[in-house]
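Engineer: Mind looking at a prediction? Sequence and model below.
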Amino acid sequence: MSTTPGSRPSSLAIVGRVIAAVIAIALLLLVVLNASSIWNSFFPPEAKSVEGQEIRNLYDIVFGIAVVIFVVVEGLIIWSVVRYRRRPGDDELPPQTHGNNLAEILWTVIPTAIVIFLFIISWQTLNNVEATSATPDLKVRAVAGQFQWSFDYLPADAAFDTKPLFSVTSPEGPDGGLTLPAGQTTHLFLKSPDVIHAFYVPQFLFKRDVVPGITNQFDLQIPASDAGQTYRGQCAELCGIGHRIMIFEVHALAPADFQAWMQKQQAAANATPPPAPSGQAAGPALPLIAKGVKFDQGALTAPATGFTIQFDNQDAGTPHDVDILDGSGAKVFDGKAITGPAKENLAVPPLAAGTYKFECSIHPTLMSGTLTVQ
């Protein structure tokens, strides 16, 4: 809205200016108060591995170069717009310049030098990240199957297909997931029995595909200062209907604590298991099939005198178990996890009459049902 020279602005114009000023002040306050979070949003998470720090350093250099180029280019654009704007009386075209040897040399040489520099430092970073130790402190085979992670801990001199000292089949929890010694080098082998998956821990700034028939491997070292930390990992390759549940935890322990944890796991793996129950050792048999990360039945009925669950895990490469919980959520039967395809007879002792929940403790949100004991 315009006003004539010497006249006072209208009320509408004043209100518009006040509103514009309030919006400008609010935007300025928003930027100032959130400056730190806004700035951090331009960067990946803080690296929690030695290899990830190499990647973060490369990112910082590339980002710095990009910022300089952005500021220079935008600055020249603004300067040109202001410097060569049309003024009153400019009715003719200004003198035209056709070609400038110095400018053409600069805009050819400078980008070429930047590309060569980025190639060199990227190559160095790639070599550092891909480097593997001949004598790592630990070897682990990470197995990604639909839709479950498991981790095989191998002898120090083991090859990819060596029998493990013990395996961790639960992807989460204090004794689940991937437990590693902080400050030491771990060599990881990746294995998939079915489709393509991906090993990805965001705070490691690293992703590696898990391809059937191909042994991808790499070294990983968590800084000693991060002992006691837990990180979240996931499959970063769409692998089927259960892709969203393919998550796992990474626990970083001090070397002494890790050795104690290793000894505990090996002792449990070497312990003499109890005799396997016969098919009818605990009364009637109840067949239960796990397939596609689902139970084939959502309701079971059993006698209070005891029964046997004939458990058939048909999910290749994926561990499942059958646990029974009472109304308070307390576990009254803890079935052994088996990796499919496999079968196991689970002898359930006598239970008080009532309603219980049965579930796979590894995939409780997808695999559960109701058990009625009479």
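Structural biologist: Sure thing, it's come through.

Engineer: what residue ranges in the stretch 151-300 of the chain score low on pLDDT?
Structural biologist: Judged by pLDDT under 70, the stretch 151-300 of the chain has its weakly predicted residues at 272-282.

Engineer: all helices of it, in order?
Structural biologist: Assigned by DSSP state H, counting those that start in this stretch, the helices in the stretch 151-300 of the chain fall at 255-270.

Engineer: Show me the strands in it, by range?
Structural biologist: Assigned by DSSP state E, counting those that start in this stretch, the stretch 151-300 of the chain shows strands spanning 166-168, 178-181, 185-191, 197-201, 206-210, 216-221, 230-235, 247-253, 285-290, 299-302.

Engineer: Can you point out the buried residues in the first one?
Structural biologist: So the one you mean is strand 166-168. 166-168 (16 or more other CB atoms under 10 Å). In this view, the C-beta of every residue, glycine as well, is placed from N, C-alpha and C.

Engineer: sorry, back to before: just so I know, which of the strands of the stretch 151-300 of the chain lies nearest Phe119?
Structural biologist: Comparison of the strands of the stretch 151-300 of the chain against Phe119 by CB to CB identifies strand 206-210 as nearest, at 20.9 Å.

Engineer: Sheet partners, orientation included, of that closest one?
Structural biologist: For strand 206-210, the pairing partners within the sheet under DSSP bridges are strand 197-201 (antiparallel).

Engineer: end to end, how far does stretch 181-200 reach?
Structural biologist: Terminal residues of stretch 181-200 lie 18 Å apart, using CA to CA, to the nearest Å.

Engineer: same question but for stretch 236-254, I mixed them up
Structural biologist: Using CA to CA, the two ends of stretch 236-254 sit 28 Å apart.

Engineer: re the thing from before, tell me the one among the buried residues of strand 166-168 nearest to Ser49.
Structural biologist: Nearest member of the buried residues of strand 166-168 to Ser49, counting by CB to CB, is Val168, at 19.8 Å.

Engineer: Pairing partners for the closest one in the sheet, please.
Structural biologist: Note on Val168: beta-bridge partners Phe151, judged by DSSP bridges.

Engineer: What is the subsequent helix or strand relative to the host helix or strand of Asp312?
Structural biologist: With secondary structure defined by DSSP states H and E, Asp312 is part of strand 307-313. The element immediately downstream of strand 307-313 (helix or strand, assigned by DSSP H and E) is strand 319-320.

Engineer: Just name whatever secondary elements that following strand is in contact with.
Structural biologist: If you count contacts as 3 or more CB pairs under 8 Å, 6 or more residues apart in numbering; DSSP states H and E, strand 319-320 packs onto strand 307-313, strand 338-339.

Engineer: now do 6 Å
Structural biologist: Here strand 319-320 touches no other helix or strand, going by 3 or more CB pairs under 6 Å, 6 or more residues apart in numbering; DSSP states H and E.

Engineer: Each with direction, which strands does the helix or strand following it pair with?
Structural biologist: Scanning forward in sequence from strand 319-320 by DSSP H and E, the next helix or strand is strand 323-325. With DSSP bridges as the test, strand 323-325 is paired with strand 331-334 (antiparallel), strand 354-359 (antiparallel).

Engineer: So which of the ones you listed is nearest Gln234?
Structural biologist: Closest approach to Gln234 among the strands paired with strand 323-325 is made by strand 354-359 (22.1 Å; CB to CB).

Engineer: avg pLDDT for the helix or strand that that closest one is followed by?
Structural biologist: As assigned by DSSP H and E, the chain's next helix or strand after strand 354-359 is strand 368-373. Mean pLDDT, strand 368-373: 88.

Engineer: Walk me through the domains of the chain.
Structural biologist: The chain resolves into domains spanning 42-84+100-130, 138-270, 285-373 when parsed by automatic domain parsing.

Engineer: if we can go back for a sec, for Pro303, which of the strands paired with strand 323-325 is the nearest?
Structural biologist: Here strand 354-359 is closest among those (CB to CB), at 12.6 Å.

Engineer: Show me what counts as buried in the closest one.
Structural biologist: For strand 354-359, a neighbour-count test (16+ other CB under 10 Å) marks 356-359 as buried.

Engineer: can you redo the residues you listed as TSV with pLDDT and distance to Ala158?
Structural biologist: Output for the buried residues of strand 354-359, formatted as TSV (pLDDT from 0 to 100; distance: CB to CB, whole Å):
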residue	pLDDT	distance to Ala158
Tyr356	91	42
Lys357	90	40
Phe358	92	37
Glu359	91	34
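
Engineer: if we can go back for a sec, out of the domains of the chain, nearest to Leu30?
Structural biologist: Taking those one by one with CB to CB, domain 42-84+100-130 is closest: 16.9 Å.

Engineer: what's the first-to-last distance across that closest one?
Structural biologist: Domain 42-84+100-130 has an end-to-end distance of 26 Å (criterion: CA to CA).

Engineer: where's it relative to the chain centroid, distance-wise?
Structural biologist: Taking CA atoms, centre = their mean, to the nearest Å, the mean C-alpha location of domain 42-84+100-130 is offset from the chain mean by 28 Å.
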